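Colleague: Dropping the sequence and predicted coords here.
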Amino acid sequence: MPTTFTIDINESQKTLIAKYAAIHGKSIEAFMLEATLDVIEDAIDLRDWKIAKEEFDQDPITYSAEEIAKKYL
């Protein structure tokens, strides 16, 4: 079920967003939703990268694709 979300922006911000959305063939609503979800996805990706980097730093051994294939195929 769709939910309405309201934000307060000034006229110049609205104009900028509307023009950008129009250039990309999107409504303001579609653009704002996509942009918001992109920011969230980027934050999740960064969090996951930091976790993986910490794990790698603790055990920095790497294996080639050939080594992995020999082990598991």
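Modeller: Arrived safely, thanks for sending.
Colleague: only C-alpha atoms for contact and neighbour calcs from this point on.
Modeller: Fine.
Colleague: what's the burial count for L37?
Modeller: L37: 12 surrounding residues under other Cα atoms under 10 Å.
Colleague: Look up how far L73 lies from it.
Modeller: According to Cα to Cα, to the nearest Å, L37 stands 39 Å off from L73.
Colleague: Which strands or helices does the helix or strand where L33 lies pack on?
Modeller: Using DSSP states H and E, L33 falls within helix 28-58. In this structure, helix 28-58 packs against helix 11-23, with contacts taken as 3 or more Cα pairs under 8 Å, 6 or more residues apart in numbering; DSSP states H and E.
Colleague: Can you spell out which helices and strands pack onto the helix it packs on?
Modeller: On a contact count with 3+ Cα pairs under 8 Å, 6+ apart, helix 11-23 meets helix 28-58.
Colleague: circling back: for the helix holding L33, buried residues please.
Modeller: Within helix 28-58, the residues scored as buried using 16 or more other Cα atoms under 10 Å are 28, 31.
Colleague: what's the angle between it and helix 11-23?
Modeller: For helix 28-58 against helix 11-23, the angle by axes from the mean of the first three to the mean of the last three Cα atoms, to 10 degrees is 80 degrees.
Colleague: Can we start the residue count at 38 from this point?
Modeller: Renumbered: residue one is now 38, and that last one reads helix 65-95.
Colleague: could you point out which element follows helix 65-95?
Modeller: Tracing the chain past helix 65-95, the next element assigned as helix or strand by DSSP H and E is helix 102-109.
Colleague: Report the mean confidence score over that next one.
Modeller: Looking at helix 102-109 alone, the average pLDDT works out to 93.
Colleague: same thing with stretch 40-52?
Modeller: Mean pLDDT, computed over stretch 40-52, is 95.
Colleague: mind checking how far that stretch is from the chain centre?
Modeller: Centre-to-centre, stretch 40-52 and its host chain are 22 Å apart (Cα atoms, centre = their mean, to the nearest Å).
Colleague: And it, what's buried?
Modeller: Within stretch 40-52, no residue counts as buried by 16+ other Cα under 10 Å.
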